[in-house]
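Peer 1: Here's my sequence, what's the structure:
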Amino acid sequence: MDNRRVMISLVGEQPIANLLPVLCLQPHHAVLVCTSWTRPVADKLRSILEEQTTEHGVPVKCTIEEVGPYDIVDIEARISKLIGEQSWTPDEVLFNLTGGTKTMAIAAYRLAESHGTPFCYLISEGNGNKIHTYRVSSEQGLEFLGEATVGATLDIDLHLRAHFGGYEEGLPKDGFELMVYKALQPEFDEVKASVRPHSYGNLEIDLVLRRGNGVGIVEVKSGGKAREKRGVEQIIAAGEQRFLGVYTKKILVLDREYGSDNLKLAQAHGITVIELPSAQTGALSPEDEQLLLASMRKQLGA
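Peer 2: So this is what the prediction gives:
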């Protein structure tokens, strides 16, 4: 990040859009511009970011600035006032325009343009994450300053805490869930079982797994439950935008074939369904185990 000590981020419902750029570019000071609606997201982010240090051991300082969601003039004035109070120069600041409302992005872009301050955007297509940085100058107009590849900076604990705050984890609950857990554990960076977020009622996620910065949630169903629509409904609830959102892969693993209507429902919600009928014999066949691993790798990155 060169000498850019300050990153000003716009907070929306997806905390990963703010968390990954800070973990990757390591500013000394992270400013989270949020609305009253996204204040809980900003509070969770602050609790995580204030635990972080840069590669030089400098503790990350975090400031929350709450603004109205749609008043561009007021948003611009509040951010500008904060920059002035802190005496930050344009060379010290980087705007992250990935999150927030469109009006927040317009206000931040106007400030970046008027002061020649760089701004960046997190690109999350496929299984990789990249940060593109730009600047507007009177001499060059809009310039592309470069691309940074986001390395493996995220773990499941940070991912869950950024979305849920606190949570508990347990052990696989039945034989099929344990079978899937044991097959996945050696192949992925992390696997957690029976994850129960605090403050979200009875929500429970059978498995959460990670490879690099890719995180997926897995519902595992066997017997009669594997034919029900309930499995899809549970993963839709856990993966909806206000919970784990667009940066989390959604996977349903079954010990038998699913009905075509349920498959269409799963596909409509972006859920990958993996059918492993050999599990009914008490063990996964080599073919089904390979299918499980190959499907998971495809979702989270080879």
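Peer 1: any idea how far Val136 is from Leu25?
Peer 2: Separation of Leu25 from Val136 (C-beta to C-beta, to the nearest Å) stands at 19 Å. (C-beta placed from N, C-alpha, C; glycine too.)
Peer 1: Comparing the two, which residue is more hemmed in?
Peer 2: Neighbour comparison, Leu25 and Val136: the larger count goes to Leu25, with 20 against 17 (by other C-beta atoms under 10 Å).
Peer 1: Touching, the more buried one and Leu94? I think so.
Peer 2: Yes - in terms of C-beta atoms under 8 Å, Leu25 counts as a neighbour of Leu94; the distance is 7.1 Å.
Peer 1: Point out where the stretch 151-300 of the chain drops to low pLDDT.
Peer 2: 240-243 (pLDDT under 70).
Peer 1: What are the boundaries of the helices in it?
Peer 2: Along the stretch 151-300 of the chain, the segments classed as helices by DSSP state H, counting those that start in this stretch run 156-164, 175-184, 230-239, 260-268, 286-300.
Peer 1: closest to Ile251 out of the ones you listed?
Peer 2: Of all the helices of the stretch 151-300 of the chain, helix 286-300 sits nearest to Ile251, with 6.2 Å by C-beta to C-beta.
Peer 1: And for the closest one, what's in contact with it?
Peer 2: Here helix 286-300 makes contact (C-beta atoms under 8 Å, 6 or more residues apart in numbering) with 127, 180, 183-184, 187-188, 209-212, 214-216, 249, 251, 253, 272, 274, 276-279, 284.
Peer 1: And for stretch 162-174?
Peer 2: By C-beta under 8 Å, 6+ apart, the list of residues contacting stretch 162-174 from outside reads 15-16, 19, 44-45, 47-48, 160-161, 178, 180-181, 192-200, 206-207, 222, 243-245.
Peer 1: Looking at those, which are in strands?
Peer 2: Counting by DSSP state E, the contacts of stretch 162-174 place Lys192, Ala193, Ser194, Val195, Arg196, Pro197, Asp206, Leu207 in strands.
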